[in-house]
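> predicted coordinates and the sequence they were generated for:
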Amino acid sequence: MSETEALLKTPLYEKHVANGGKIVPFAGYLLPVQYEAGVIKEHNAVRQGVGLFDVSHMGEVTFRGPDALANIQRLLCNNFESLQDGRVRYSPMLNAQGGVIDDVLVYRNAQDDYLMVVNAANRHKDVQHILAEQFGNVVIEDISDQMAQLALQGPLAEKVMKTLVPEQQIPQKYYSFLANVTVGKANVLLSRTGYTGEDGFELYCAPTDAPALFDTLVEAGAPFGLQLCGLGCRDTLRMEAAMPLYGHEMDDSVSPLETALGNYVKMDKADFIGKEALLASGSPRRARIGLRMVGRGIAREHFPVFCEGQAIGHTTSGTHCPTVGPIAMALVEASHQTVGDTLQVEIRGALVDAQIVPLPFYA
């Protein structure tokens, strides 16, 4: 079996091929990197109108039982005690050394019923970690293969949804959701969340319902100029919004305090995995910063960053973004965070000037 044959296909694979998607391997799946319109048009459609993504590769894990919350509280560094039914909360998940195993979303259906959404590339690692730490009266189940997910994103996303769903069935608050919403012929969990820096929705459904749901959304979005979108613009959109990506801005060796996720670390709550290590480490020695390229060149990931000839860190993500131009995020020594200062990024052996700018690049 070839490497490509071993990769998984989402329930929408045939839709991508039929619509001219350029298929590439990503996180163990075959997914469209772009469609015929190209990354720039797809990006601009989400910024100005509405775009549709297949994110069925993401993983989902359920926690059910009297100790569901207690397990989540120990696994994650954010505090979920105040999370209400129908709300969503973000958190890093740490290892014992305080590094980031993954970043996740937690949906609360009820006091003893939660859904955790994990990154596709980390699904099996995450589940192994979660089950190894399981305690008390809780049933934890990996249901990733039982769910598909589409993301409808952009300032016109709500207008599209209003043609399909009664307004009272559309979540009104960011990071809120409603379960058992009928969209076309599909029963979905409708969530007002996304990874683009724009308003929008993520729709979870059974894999068998995904192709029909895709068609329903495409048809409803046509009058609003809906554009099918791939991985390429998903990355430029999240870059402009300075949303961290696992394996880039964070990994098992990077603390959430180093990568500007301190707001999601609640040191005043009861013990969680990694808390002791974070306390012992003291003030972060590194920081995530935003860079706007001043000189000619595009910074990619893992390019060295210098200040006055001294290496101080490396870029974590970088590209030319349609809305804001050539930008990068970098992990550098904590003493180099002053907005307006000029650093240098090594690009093909040359040092190219880059200015420190506030995050996000686009809001």
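Right, received. Where do you want to start?
> so which residues of the stretch 51-200 of the chain form strands?
Secondary structure of the stretch 51-200 of the chain (DSSP state E, counting those that start in this stretch): strands located at 51-54, 59-64, 88-94, 100-110, 113-118, 139-142, 148-153, 177-183, 186-191, 200-205.
> what's the angle from the longest one to strand 177-183?
Between the direction of strand 100-110 and that of strand 177-183, the angle (axes from the mean of the first three to the mean of the last three CA atoms, to 10 degrees) works out to 70 degrees.
> may I have strand 100-110 as PDB, with CA atoms only?
The C-alpha trace of strand 100-110 is given here as PDB (Å, rounded to 0.1, in the frame of the first residue of the first chain):
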ATOM      1  CA  VAL A 100       1.400  21.900  25.300                       C
ATOM      2  CA  ILE A 101       0.100  18.400  24.200                       C
ATOM      3  CA  ASP A 102      -2.600  20.100  22.200                       C
ATOM      4  CA  ASP A 103      -5.100  22.900  22.300                       C
ATOM      5  CA  VAL A 104      -8.800  22.000  22.500                       C
ATOM      6  CA  LEU A 105     -12.400  23.200  22.600                       C
ATOM      7  CA  VAL A 106     -14.800  21.900  25.200                       C
ATOM      8  CA  TYR A 107     -18.500  22.000  24.700                       C
ATOM      9  CA  ARG A 108     -20.800  21.600  27.700                       C
ATOM     10  CA  ASN A 109     -24.100  19.700  26.900                       C
ATOM     11  CA  ALA A 110     -25.000  19.200  30.500                       C
END
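> quick check: buried residues in it?
Using 16 or more other CB atoms under 10 Å as the test for burial, strand 100-110 gives 100-109. C-beta coordinates here come from the backbone N, C-alpha and C atoms, glycine included.
> go through those residues and name the one nearest Val352.
Nearest to Val352, judged by CB to CB, of the buried residues of strand 100-110 is Val100 at 29.0 Å.
> burial measure for the nearest residue to that closest one once chain neighbours are set aside, as a count.
Spatial nearest neighbour of Val100, chain neighbours left out: Met250 (4.1 Å); criterion: CB to CB, 6 or more residues apart in numbering. By other CB atoms under 10 Å, the residues close to Met250 number 25.
> export the strands of the stretch 51-200 of the chain to TSV and append columns for mean pLDDT.
Output for the strands of the stretch 51-200 of the chain, formatted as TSV (pLDDT from 0 to 100):
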stretch	mean pLDDT
strand 51-54	98
strand 59-64	98
strand 88-94	98
strand 100-110	98
strand 113-118	98
strand 139-142	98
strand 148-153	98
strand 177-183	98
strand 186-191	98
strand 200-205	98
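> now tabulate these in JSON lines and tack on distance to Gly20.
Below are those laid out as JSON lines (distance: least, CB to CB, whole Å):
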{"stretch": "strand 51-54", "distance to Gly20": "14"}
{"stretch": "strand 59-64", "distance to Gly20": "28"}
{"stretch": "strand 88-94", "distance to Gly20": "33"}
{"stretch": "strand 100-110", "distance to Gly20": "31"}
{"stretch": "strand 113-118", "distance to Gly20": "29"}
{"stretch": "strand 139-142", "distance to Gly20": "33"}
{"stretch": "strand 148-153", "distance to Gly20": "18"}
{"stretch": "strand 177-183", "distance to Gly20": "25"}
{"stretch": "strand 186-191", "distance to Gly20": "24"}
{"stretch": "strand 200-205", "distance to Gly20": "23"}
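> any idea which of these gets closest to Lys266?
Ranking the strands of the stretch 51-200 of the chain by proximity to Lys266 (CB to CB) places strand 88-94 first, at 9.1 Å.
> by contact count, what packs against the closest one?
Applying 3 or more CB pairs under 8 Å, 6 or more residues apart in numbering; DSSP states H and E, one finds that strand 88-94 makes contact with strand 100-110.
> and the strand it packs on, what does it pack onto?
Strand 100-110 is packed against strand 88-94, strand 113-118, helix 123-132, with contacts defined by 3+ CB pairs under 8 Å, 6+ apart.
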